[in-house]
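Engineer: what would the 3D arrangement of this be:
(one chain, ligands or ions: 2)
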Amino acid sequence: MKPQRSLVGLALALTSACSSAPSSPSVPNTVVASAGNPSVTAQSGAAAGSSAGGAGATANAAGAAGARAVSSGAAGSASVQPTAASGAQAPAAGVGSQQPATAGADITTTTAGAGGQPATAGGSGVGSNEAGSTASGAPGDCQSIDAVAVLRGYAPQDEEAAADFEDYLTSELGSLTCATGGNGDARTITQTIFVPPNTSYDGHGEKLTADVAAMRCDTSEGEQAEHQRPYFVLAPGATLKNVTITYPGCEGVHMLGDNTLENVVWEDAGEDAASVRSYFPGGKITISHSEGHKAADKMFQFNAACDVKIESFSGSDMGKLVRQNGGKDFPLKIDLNTVNLTGVISAVVQSDSPQCFVRHHALEYAFTGSGDKADRVFRDIPPGNITEY
Ligand code: ADA
Ligand code: CA
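Structural biologist: Ligands and ions are numbered 1, 2, ... in the order given. Sure thing, here's the model as predicted:
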C-alpha cells in the first residue's frame, strides 16, 4: 500500500509555485549556477520560469522558457542500440536491486546478451526479439501476448511487495496494449502501452496524448493524484525512443528496470515523467537526448535500487529533476552528464538516503525565485556522496 501524500500541503506548495500567470514576466530573480561553481549568481528577468502548467494548457515544449538545446543530435537519433547493453536482470554493480521471484533463473540463461523472458512469461510472440534487433515498428505486433502474465514473472519475492505488485497489475494499470512501435503520427491513447522484455519501442517521432477519462489523468492543478495510468510500462530490458508525450502527462513512463529512454520528450509531465516503483526489479536506467517540462513535483522518481544515467537532457519548470522516494534508504546511483535545467523549484536531486550517490558533469541549472539555493541542488544528500567529473 502506498502511503498517502498530504495533498493539502502539496497544494499549498504548488499554489505559490505554479500560480503565476503565463503572461506575467515578473518572475523574480532566477538564480543561475553551474554545479561546478557553487557561488550562484543572480540573473534577473531570465526564464519566465513557472509557465502555466495547469489544466488545459496544451504544452508547447519549444515555448518553454529558457530551455537551451543541449541535446544536439536528439531529433532523429534512431540508431540507438536498444538492448545489447541492458543485460538481463542482473542489477548494476553495487546497486543490488531485487531479483524477480520467478524470472531470475531463466533470464540469465536465455537469449545471449539480451536477457530473455521470465519463466512465467506467457511465451507467445515475445521471445523472438534479439538484442540489437530493430523493432518492426508496427503497433500491435505483439498484441497476442499476455502482458500481465509476462509482468507477473517479475513479481518481487517479499510477500507484501508482491501483493502491492499484484494490485498494481490488476487494478492500477487497467488493460494493457502491447506494442513495439508507432508510425510517427499524433494519436490519443486509451490504454497503457506495454513494451515487452528486451524489445525496443520506436515511436518514429509520434506524439501521444492520453485520453483523460480512460487513463484516469488528473488535470487539476499540479496533476498529483495517485493511480493515474502510465503511457508506457517498460518491461525489464525494454527501450523507448522517439516519442513525445503531450499534456496530460498522467503517470508518464513506468520502468521496471534495465531500461533505456532515448529522444523522449515530456511536454508537460504529470504526477511524474518516469518512475521505478518500489516493487519493480530496478537496475540500470539510461535517459538520454531527451527533454522534460512542467513537472509540478518531480520529473524522475526512483523507489527501488537503480543505477541511473541522465545524459544530454534539457528541462524546464520542475520541482525536482530526480527524487529518491521520500524517507527511504536504499542504494541509488545518479549520473548527470550534460544536463541543462531552468525553472527548478525545489532541487536538482533530492534524497533522504545515505546510499544515494551523485556524479555529475556539465550540469547547469537555474532555480526560480530569489535567494541562494546552493544547498538545495543536491538536497539532503551528504556532500561526500557527490562527485563532479
Ligand atoms: C509520491 C508518493 C510516493 C510514491 C511516489 C511515486 O512521492 O509519496 O509514495 O508513490 O509519489 O512513485 O510517484
Ligand atoms: Ca508516480
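Engineer: tell me how many other residues surround the nearest residue to G205 once chain neighbours are set aside.
Structural biologist: Ranked by C-beta to C-beta, 6 or more residues apart in numbering and with sequence neighbours excluded, the top spatial neighbour of G205 is G184, at 4.7 Å. In short, each C-beta sits where N, CA and C put it, glycine included. By other C-beta atoms under 10 Å, 15 other residues sit near G184.
Engineer: measure M318 to ligand 2 for me?
Structural biologist: Distance, M318 to ligand 2, using C-beta to the ion, to the nearest Å: 14 Å.
Engineer: again, but for N385
Structural biologist: In terms of C-beta to the ion, N385 sits 24 Å off from ligand 2.
Engineer: per-residue pLDDT, that residue?
Structural biologist: The per-residue pLDDT reported for N385 equals 98.
Engineer: you'd agree it is up against R359?
Structural biologist: No. Using C-beta atoms under 8 Å, N385 is not in contact with R359; the gap is 9.6 Å.
Engineer: and the next helix or strand past the helix or strand of the chain with the lowest mean pLDDT?
Structural biologist: Lowest mean confidence among the helices and strands of the chain (mean pLDDT, DSSP states H and E): helix 104-107, at a mean of 30. Next helix or strand after helix 104-107 toward the C-terminus (DSSP states H and E): helix 147-152.
Engineer: got the CA positions of that following helix in CSV?
Structural biologist: What follows is helix 147-152, C-alpha atoms only, in CSV (Å, rounded to 0.1, in the frame of the first residue of the first chain):
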residue,chain,number,x,y,z
ALA,A,147,1.2,-8.6,-20.8
VAL,A,148,0.1,-9.2,-17.3
ALA,A,149,1.4,-12.7,-17.3
VAL,A,150,4.7,-11.5,-18.6
LEU,A,151,4.9,-8.9,-15.9
ARG,A,152,3.9,-11.4,-13.2
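Engineer: where in the stretch 251-389 of the chain is pLDDT low?
Structural biologist: For the stretch 251-389 of the chain, not a single residue meets the criterion pLDDT under 70.
Engineer: isn't there a strand covering G249?
Structural biologist: No. Counting by DSSP: H, G, I helix; E, B strand; the rest coil, one finds G249 to be coil, located in no strand.
Engineer: OK, contacts around it?
Structural biologist: 210, 217, 223, 266-271, 273, 294-295 (C-beta atoms under 8 Å, 6 or more residues apart in numbering).
Engineer: the closest residue to it other than its chain neighbours: neighbour count?
Structural biologist: Closest residue to G249 apart from its sequence neighbours, by C-beta to C-beta, 6+ apart: G270 at 3.0 Å. Close neighbours of G270, defined as other C-beta under 10 Å, add up to 31.
Engineer: so G270 makes contact with Q228?
Structural biologist: Yes. The pair G270 and Q228 qualifies as a contact (C-beta under 8 Å) at a distance of 6.2 Å.
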